[in-house]
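Trainee: Pasted the sequence and its predicted model underneath.
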Amino acid sequence: ILLAIIRGKALQGRKTCRGRSGATAMPMTFTEVLLSGAAGLLSVAAVLATEPSDFVLGLLAGLASTSVLYGLWLLHDRSKDSWRHKGTELVGVLGGLGPAASALFAQIMVETGERAGALKDADHPPMIMYCNPELPNSRAAAVGEGPLPTKGMAYSFRQLLKAGATRVCVVCNTAHAFAEEAAKTAGAPFLDMIALAAENVVQRLKSEHPDRKAFK
């Protein structure tokens, strides 16, 4: 009972974050750990301390048991209330090459979603965008007039993976000359914008001109 009261007091005044499912995730604070541990120590010590010499043993036993039980309870509580995306894929977009292209890409994503039938915010696909305009210029690197952006792109892809992305892409045509190698270095599944666009064009030509042998 005391542990429940302490947890409630420690959570008072803390902001919560709700996802689509309504689940609430509240991280544990140092105060919460300290107070709950103290409650466990005192309760176990009171039971075991029939003699003064047993008090130290009670404190040690309380520390161990309270830490283990509270940790297990917290893991269960967090896993129960965790928030997840509906789908299994979350695309990470490397932008900033340049910033205007990233803004245009975001606008195209919104317009494409609306044409596909999106009527509200939640109908659009989630994505993570990392704008990193500090990367070396891809056009200069492609003609040998500047440093390669490969290492910086690999770093950026790793940051997207850490943020939860399952695949990565880059919003810059010229940067594709270095993006595939950077993605391999980062261990990130890469979505090749140029290859996907070419495949889409071929598929549309096949559907619009089924009698053309060249498209078969």
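Mentor: Nice, thanks for sending it over. Here the structure is a predicted model, which means the values were calculated and not measured. Residues are numbered from 1 along each chain as shown.

Trainee: the strands in the protein, which residues?
Mentor: For the chain, applying DSSP state E gives strands covering 17-18, 24-25, 91-95, 127-131, 167-170.

Trainee: What's the end-to-end length of stretch 128-147?
Mentor: 27 Å (CA to CA, to the nearest Å).

Trainee: in it, what's buried?
Mentor: Ile128, Met129, Tyr130, Cys131, Asn132, Leu135, Pro136, Asn137, Ser138, Ala141 (16 or more other CB atoms under 10 Å). Glycine gets a C-beta too; all of them are placed from N, C-alpha and C.

Trainee: beta partners for the fourth one?
Mentor: This points to Cys131. Beta bridges link Cys131 to Gly95 when assigned by DSSP bridges.

Trainee: Next, work out how far apart it and Val143 are.
Mentor: Using CB to CB, to the nearest Å, Cys131 is found at 24 Å from Val143.

Trainee: Report how many residues lie close to the nearest residue to Pro133 once chain neighbours are set aside.
Mentor: In this structure, Pro133 finds its nearest non-sequential neighbour in Gly96, 3.9 Å apart by CB to CB, 6 or more residues apart in numbering. Applying other CB atoms under 10 Å, we find 20 residues neighbouring Gly96.

Trainee: Please apply the same query to Thr150.
Mentor: Going by other CB under 10 Å, the residues that sit close to Thr150 add up to 20.

Trainee: do you know how far it is from Ile128?
Mentor: For Thr150, the distance to Ile128 - CB to CB - is 21 Å.

Trainee: ok, back up a step: my guess is the residue nearest to Pro133 meets Asn137, correct?
Mentor: No - look at Gly96 against Asn137 with CB atoms under 8 Å: they stay out of range, at 11.6 Å.

Trainee: can you pull the contacts of Cys172?
Mentor: Leu97, Gly98, Ala101, Ser138 (CB atoms under 8 Å, 6 or more residues apart in numbering).

Trainee: Likewise for Val168?
Mentor: 91-94, 157, 160-161, 183, 186, 188-191.

Trainee: For Val201, the count of nearby residues, please.
Mentor: Other residues close to Val201 by other CB under 10 Å number 10.

Trainee: repeat for Gly117
Mentor: 7.

Trainee: what's the closest non-adjacent residue to Leu97?
Mentor: Cys172 (3.8 Å).

Trainee: For the one you found, give me the pLDDT.
Mentor: Per-residue confidence at Cys172 stands at 93 (pLDDT).
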